[in-house]
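Q: fold the following and give me the result.
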Amino acid sequence: MNKNTFQTVTLTKGELNVYDFGGVKLHAYKTNDFIDDEVFIVEKNGKAVIIESPCFFDNNKELTEYLKNVEVTGMLVAYHGAGGTFLPDVPKYATKNAVLYSQSGGGKALIDNFTSAFGEIFDASVHEITNVIEEGRITISGIDFVIKQTDDAFDVEIPGINAVYTHMLGHDCHSIVAGAGHADAMIAELRHYIEKGYDLILTSHYTPEDLKDAQTKIDYLENLKQIAAGVSDADAFKAEVGRQYPQYSGQNYLDMTAGFFFA
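A: Coordinates of the predicted model:
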């Protein structure tokens with residue numbers, strides 16, 4: 001499946017790119033919110049499983065309306081635990097570490113920060129997990145998923161559409177890279193995606209990407225390490241990265257990365 005082969009459905013605020021795999025459809029919801037969230041709906045035989053949740057009240061409302069003719073049978077809540085008022089009666093699935101991430105870990109810290117930044121438009125309530133899951137295959141309403149636990153939460157393979165979901169990729173934007181060791185781990189995971197030959201890579205903050213994008217990110221991460229090794233402080237690092245990648249978005253992520261490389 002080509003990442004650009006989709007039909008677009010435009011909503012009041014966000015939009016959906018709908019990929020048709022025959023027996024399965026993938027609805028990629030671009031929220032157009034302040035943190036560029038993406039939500040993914042895997043639909044088969046009129047039933048759907050959602051990966052991640054929107055976290056602004058207006059997005060919650062319009063995506064609920066969009067899904068009114070589909071039976072949503074489950075939601076996989078990995079890295080984005082906020083938005084708890086979205087489809088409150090749908091079963092919520094997460095690994096134990098993902099629950100801790102949203103309730104008391106790094107995810108909770110992000111929720112607190114976003115609440116302070118955005119106020120009442122942000123749905124700071126955390127999804128109540130009804131089904132704690134472990135690594136391995138899980139089937140929800142005839143749709144197979146393979147869960148892979150990560151340090152913070154979990155990634156999701158979707159064999160039926162030869163796709164994988166992870167938190168971040170973004171081939172032309174900066175990412176949060178917590179030092180050289182983290183960069184190496186990211187590179188290893190991206191190389192694994194290339195070896196597996198996924199058609200689509202789905203992430204929480206970008207439209208669906210492909211293996212060429214994965215290689216672009218690998219090259220970026222390798223270069224990031226080289227730049228860090230050749231400068232003496234965070235400001236010089238940011239200046240050189242900005243010079244080499246002038247069109248990249250995500251300056252706030254670059255600021256955070258510089259802080260990790262030059263603590």
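Q: when you work out contacts or count neighbours from here on, use the C-alpha atoms and nothing else.
A: Noted.
Q: tell me the bridge partners for K44.
A: Judged by DSSP bridges, the bridge partners of K44 are V24, K47.
Q: and it, how many neighbours?
A: 19 (other Cα atoms under 10 Å).
Q: now do it against A185, distance only.
A: The spacing between K44 and A185, counted by Cα to Cα, to the nearest Å, is 34 Å.
Q: and for E43?
A: E43 is 32 Å from A185, by Cα to Cα.
Q: and the longest helix seen in the chain, which residues are buried?
A: Longest helix in the chain, counting residues (DSSP state H): helix 211-229. Within helix 211-229, the residues scored as buried using 16 or more other Cα atoms under 10 Å are 211, 213-215, 217-218, 220-221, 224-225, 227-228.
Q: render the CA-only coordinates of stretch 95-112 in CSV, please.
A: Output of stretch 95-112 as CSV, limited to C-alpha atoms (Å, rounded to 0.1, in the frame of the first residue of the first chain):
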residue,chain,number,x,y,z
THR,A,95,0.1,-2.9,29.0
LYS,A,96,0.9,-2.5,32.7
ASN,A,97,3.8,-0.1,32.0
ALA,A,98,1.6,2.0,29.7
VAL,A,99,-0.9,2.4,32.5
LEU,A,100,1.9,3.5,34.9
TYR,A,101,3.2,5.9,32.2
SER,A,102,-0.1,7.7,31.9
GLN,A,103,-1.0,7.6,35.6
SER,A,104,2.3,8.5,37.3
GLY,A,105,5.1,8.5,34.8
GLY,A,106,6.4,10.5,31.9
GLY,A,107,3.0,10.5,30.3
LYS,A,108,1.4,12.0,33.4
ALA,A,109,4.0,14.8,33.4
LEU,A,110,3.1,15.6,29.8
ILE,A,111,-0.6,15.6,30.6
ASP,A,112,0.1,18.1,33.4
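Q: which stretches of the stretch 151-263 of the chain form helices?
A: Remark: helices assigned in the stretch 151-263 of the chain by DSSP state H, counting those that start in this stretch are 180-196, 211-229, 234-244, 251-261.
Q: so can I have TSV of these showing distance to I158 and mean pLDDT?
A: Compiled in TSV, the helices of the stretch 151-263 of the chain are given as follows (distance: least, Cα to Cα, whole Å; pLDDT from 0 to 100):
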stretch	distance to I158	mean pLDDT
helix 180-196	12	93
helix 211-229	16	96
helix 234-244	34	96
helix 251-261	28	91
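Q: report the central residue of this structure.
A: S204 (1.9 Å; Cα atoms, centre = their mean).
Q: just give me the neighbour total for K61.
A: 14.
Q: give me the element it is part of.
A: helix 57-66 (DSSP states H and E).
Q: what are the contacting residues of that helix?
A: Applying Cα atoms under 8 Å, 6 or more residues apart in numbering, the external contacts of helix 57-66 come out as 11-14, 31, 33, 54, 83, 85-87, 121-123.
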